[in-house]
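Engineer: Predicted coordinates and the sequence they were generated for:
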Amino acid sequence: MKSIAFYNNKGGVGKTTSVINIAFELATETRVLVIDIDGQANCSRFFTDNQKEGLDKALVNADISPENALCSTRYENIDIITATPKLNGITPKFDSLTDKEQAAIAEKIISFGSEYDYVLLDLPPALTKVTEQLIGACDAVFIPIELGTFAIQGIPTVTGIVKKCGAKFGGCFINKFDKKNSLDGQLLDLLNETLGNKTLQSKIPFSKVIKNSISGGMTASEYMGWTNAAKSYKALAAEIKERV
């Protein structure tokens, strides 16, 4: 089992959409468990209409299993531990635990997926002790970004968070890349200068296919599998598999 966290301290960078599409691509050949840690629960709503409570209690009590929040999905090889807004209120109680207790709970959450090939964590942008401990317990962390000067300037902060947590930085991948925009090309060069080989080669293009597919409750491959947008997620999932 390989555990992979998707994190960025900036919201709106396509993190949840990435998790959904990467999970789908990985599940063509392997079993995948998605763990939705974000209290907005967008990932949970995509995968199931029957979101279950329980992850909030499992994250603050070592004796409670996240199994109560485990849901099957319409995809044979994808299950999900669902989020609810109750996750937004667990920080004070989690903070009151010792570092050892926090680390043990994070390991418990991730190791629940030991029967799966991949465990994908959709993390919230807020940097809390919960987020830090889960990042530290994963095999690798990947950072989705949208190209912009401020976003690139903020990359060292995010990678610093990953390093502080003791996690492996798998790399950074680009969402909404516009190859026709010369500025995007310049910003890509700047990102490569900043990260070197930690910039993934696979780029998710700026495309209505992705927005429309999610709105329609489908992955890009289900919606228009022949398009570059859908094919880019296949390439990204394959590259992530190589790096983990």
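Structural biologist: Arrived safely.
Engineer: Just the residues contacting whatever helix or strand residue 110 lives in, thanks.
Structural biologist: Element membership of residue 110 [criterion: DSSP states H and E] is helix 99-111. By CB atoms under 8 Å, 6 or more residues apart in numbering, the residues outside helix 99-111 that reach it are 3, 35, 55, 58-62, 65-66, 81, 94, 97, 119, 121, 129-130, 133-134, 136-138. All C-beta atoms are positioned from the backbone trio N, CA, C, and that covers glycine.
Engineer: Please list the members of those that lie in strands.
Structural biologist: 3, 35, 81, 119, 121 (DSSP state E).
Engineer: From residue 77, how far out is the first one?
Structural biologist: It refers to residue 3. To residue 77, residue 3 is 17 Å away according to CB to CB, to the nearest Å.
Engineer: who's more crowded, these two?
Structural biologist: Each of residue 3 and residue 77 has its neighbours counted (other CB atoms under 10 Å); residue 3 has more, 24 against 18.
Engineer: That one and residue 116 touch, don't they?
Structural biologist: No: when contacts are counted by CB atoms under 8 Å, residue 3 is not listed as touching residue 116 (9.4 Å).
Engineer: Strands along this structure, start to end?
Structural biologist: 2-6, 32-36, 70-72, 78-81, 118-122, 140-146, 169-177, 199-205.
Engineer: Pull up the pairing partners for the longest one, direction included.
Structural biologist: This means strand 169-177. strand 140-146 (parallel), strand 199-205 (parallel) (DSSP bridges).
Engineer: what does the average pLDDT come to for it?
Structural biologist: Averaged across strand 169-177, the pLDDT comes to 96.
Engineer: And for the last one?
Structural biologist: Per-residue pLDDT over strand 199-205 has a mean of 96.
Engineer: which residues are contacting that strand?
Structural biologist: With CB under 8 Å, 6+ apart as the test, strand 199-205 has contacts from 14, 18, 142, 171-179, 188, 191-192, 210, 228-229, 232-233, 235-236, 238-240, 243.
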